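Engineer: compute the structure for the input listed below.
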Amino acid sequence: MLGLAFRQQRWSLVAFSLGTAMVGFVNSLAFVKTAGPAAAEQAQFGREMAAIASQFTILTPLPLQVGTMAGYVQWRYFGAQVPILLAIWAVSAGTGLRGDEEKGLVENWLAGGVSKLALLGWRALAFGLGLVAMVVLVAGLSWAGAQPQGGLGWAGLLADGLAAAALVLSLYGIGALASQLAPTRRSAAGLAGGATVILFLLNGLGRSDAGFARYRGLSPFYWYERTDALLVGGRLDLGATSLLGGVALVLLMLSWLGFRRRDLGSSWFRLPVPAGRPEYRPRDSAGLELPVLAGLYPQRLALAVWALGLAALAYLMVVEAKPLADAITGIPGLAPYLTRLRATLFVAFVDIVGFGIATPMLAVFTITQVSRWAGDDGEGRLELVLAEGVRRERVVIERVLGLALAAGLLSALTGAVVFFESRALGFELDAGRVALASALMVPLALSFGVAGSVIAAWRPRIAVPALTFLVVAGYFITQLGPIFRWPAWADDLSPFYLYGNPLSNGIYWTGFFAMAAITGVGLVLSLLAMRRREVGR
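Structural biologist: Got it, this is the predicted structure:
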């Protein structure tokens with residue numbers, strides 16, 4: 001069963017472990033490029049970066065010793081990037097067994113004599129062993145990236161990696177428990193993802209607002225941050241790490257209890273159904289009658305949650321833009337990011353911070369849509385649709401149009417929040433530029449969406465890990481290109497770069513036409529792949 005559990009998770013184990021380790025390697029390598037080789041330059045960089053990051057603690061930990069290689073990696077990589085990357089992995093892996101259940105695999109395993117406890121336990125063990133490999137890989141590549149300057153010790157890297165593994169296990173437990181409470185893997189992933197985001201923001205609000213500080217202990221991210229082993233005087237907090245491990249164990253035991261007591265295909269707790277004679281009639285909803293809306297109607301609650309989340313994030317980013325812009329005035333170290341901007345610093349930071357975070361979040365939303373498309377194939381829903389006479393080409397086109405509509409709604413709400421909150425702070429943003437920045441988020445989402453559509457139509461099982469890799473790689477290209485002075489063609493490989501800075505600089509026509517070309521070519525390839533592949537394989 002251990003080998004089977006590994007096979008069921010092998011793509012995500014490889015993709016997220018290698019991807020997280022590569023991000024650590026690049027961060028270590030980038031420190032000298034960013035701060036400079038001399039100790040005086042690094043100390044000056046640390047003071048400047050601490051002044052900026054201290055205004056942005058809702059998303060990142062307090063910056064400590066960032067003028068050193070160890071402090072920079074501790075803050076930027078283990079503090080800001082690792083929790084987000086691994087939270088996505090934990091939610092996906094934690095709800096994986098529910099996906100196997102929807103495919104009918106769990107029923108076959110139970111019929112073969114395997115107990116529910118064994119299924120849950122072996123899968124968690126396989127995931128835990130994958131985490132061990134990830135910790136070693138992260139430590140090794142992060143250490144390699146710091147050479148030849150040094151500054152990163154193996155003991156500190158392994159300690160931080162152990163704390164990260166404990167955090168991921170606790171979030172994995174949330175996903176496993178959500179799988180017992182929700183009726184489908186889709187809803188379980190939404191429930192676990194929503195809970196993870198709330199816990200992440202609770203910890204961030206506790207850092208930036210004293211009124212929320214008392215509630216930080218409810219968040220596993222708080223206990224993870226108590227480990228800062230790379231810093232001078234830092235340590236591995238064994239108590240906090242053990243607490244996270246204990247929380248993971250408790251959540252897994254609750255998951256097993258729910259798994260044992262519920263029927264396959266149902267949820268642990270169900271609302272009582274009033275007694276009476278059943279009626280069989282069509283659902284009286286216009287949302288199920290229109291071609292494109294029929295695919296979005298079942299997601300209406302999830303879309304509402306995404307809309308509220310993006311609106312709240314846009315609000316927080318705009319509020320943070322003013323003090324952040326004030327703090328950065330006169331800092332020469334960020335010249336690579338500011339040379340292209342011609343607007344005021346406030347507008348520039350709304351552009352970079354507000355839309356710069358909203359666009360990756362919209363890309364994550366696109367990943368969830370591709371996950372639905374791949375799930376429709378693997379769980380037999382696509383086969384039922386095609387059996388009713390619906391053409392394969394229509395399925396692909398409706399998926400892309402549905403994504404465009406959903407992305408348009410989310411981006412429009414994001415733009416509205418940015419515009420009106422900026423006015424409330426006394427800054428008059430150009431309404432046309434805000435509308436342009438919001439509208440261009442749609443072709444950005446479609447660029448990733450058609451890439452996922454091609455993969456889902458070709459190999460549904462690897463669609464989500466492959467698209468996640470493309471999104472992460474595209475994001476880090478925009479972050480690292482200015483630091484390493486990559487050529488212009490390397491920047492153009494990222495749809496985030498093609499999106500440009502529309503709020504400050506207007507439309508980047510080359511990027512717009514490139515995204516349009518990606519969408520057109522990807523749509524054609526999706527149609528060809530869907531037409532030629534046998535459904536269910």
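Engineer: just the buried residues of stretch 120-127, please?
Structural biologist: Across stretch 120-127, burial judged by 16 or more other Cβ atoms under 10 Å covers Leu120, Gly121, Trp122, Arg123, Ala124, Ala126, Phe127. In short, each C-beta sits where N, CA and C put it, glycine included.
Engineer: residues in contact with the helix or strand encompassing Ala70: which ones?
Structural biologist: In this assignment (DSSP states H and E), Ala70 forms part of helix 69-72. In this structure, residues lying in contact with helix 69-72 by Cβ atoms under 8 Å, 6 or more residues apart in numbering are 27-28, 31-32, 35, 46, 49, 63-66, 146, 149-153, 156, 230-232.
Engineer: same question for it, mean pLDDT?
Structural biologist: Average pLDDT, helix 69-72: 90.
Engineer: how far does that helix sit from its chain's centre?
Structural biologist: Mean C-alpha position of helix 69-72 versus that of the full chain (Cα atoms, centre = their mean, to the nearest Å) differs by 24 Å.
Engineer: give me the neighbour count for Ala210.
Structural biologist: When neighbours are defined as other Cβ atoms under 10 Å, Ala210 has 8 of them.
Engineer: find me the pLDDT at it, would you?
Structural biologist: Each residue has a pLDDT score; the one for Ala210 is 77.
Engineer: separation between it and Ala387?
Structural biologist: 60 Å (Cβ to Cβ, to the nearest Å).
Engineer: circling back to that earlier point, buried sites along whichever helix or strand comes after the helix holding Ala70?
Structural biologist: Next along the chain after helix 69-72, taking DSSP H and E as the criterion, comes helix 82-94. Under the neighbour-count criterion of 16+ other Cβ under 10 Å, helix 82-94 has Val82, Pro83, Leu85, Leu86, Ala87, Ile88, Trp89, Ala90, Val91, Ser92, Ala93, Gly94 buried.
Engineer: Provide a list of residues in contact with the second one.
Structural biologist: By Cβ under 8 Å, 6+ apart, Pro83 lies in contact with Ala164, Leu167, Phe200, Phe221, Tyr224.
Engineer: what's the most distant pair in the residues you listed?
Structural biologist: Farthest apart among the contacts of Pro83 by Cβ to Cβ are Ala164 and Phe200. That separation is 14.2 Å.
Engineer: looking at these two, which is more packed in?
Structural biologist: The residue with the greater number of neighbours, taking Ala164 and Phe200 and applying other Cβ under 10 Å, is Ala164; the counts read 24 against 18.
Engineer: my guess is the more buried one contacts Tyr224, does it?
Structural biologist: Yes: in this structure Ala164 lies within contact range of Tyr224 using Cβ atoms under 8 Å: 6.9 Å.
Engineer: wait, doesn't Asp351 sit right on Ala437?
Structural biologist: Yes: the pair Asp351 / Ala437 is scored as a contact, 7.1 Å apart, by Cβ under 8 Å.
Engineer: list residues touching both of these two?
Structural biologist: Looking at what touches both Asp351 and Ala437 (by Cβ under 8 Å, 6+ apart), the common residues are Pro502, Leu503.
Engineer: which stretches in the protein count as strands?
Structural biologist: In order along the chain, the chain carries no strands (DSSP state E).
Engineer: which helix or strand in it has the lowest average pLDDT?
Structural biologist: Evaluated with mean pLDDT, DSSP states H and E, the helix-and-strand set of the chain has its lowest mean pLDDT in helix 335-338, which scores a mean of 52.
Engineer: circling back: out of the contacts of Pro83, who's nearest Phe512?
Structural biologist: The closest of those, once distances to Phe512 are taken by Cβ to Cβ, is Phe200, at 32.8 Å.
Engineer: burial check on the closest residue in space to Gln42 that isn't next to it in sequence, number of neighbours?
Structural biologist: Nearest in space to Gln42, with sequence neighbours left out and distances taken as Cβ to Cβ, 6 or more residues apart in numbering, is Ala35 at 4.4 Å. Number of residues near Ala35 (other Cβ under 10 Å) recorded here: 23.
Engineer: what about the nearest residue in space to Gly258 that is not next to it in sequence, neighbour count?
Structural biologist: Taking Cβ to Cβ, 6+ apart, and ignoring the residues beside it in sequence, Gly258 has Gln180 as its nearest neighbour in space, at 3.2 Å. Other residues within reach of Gln180 by the criterion other Cβ under 10 Å amount to 23.
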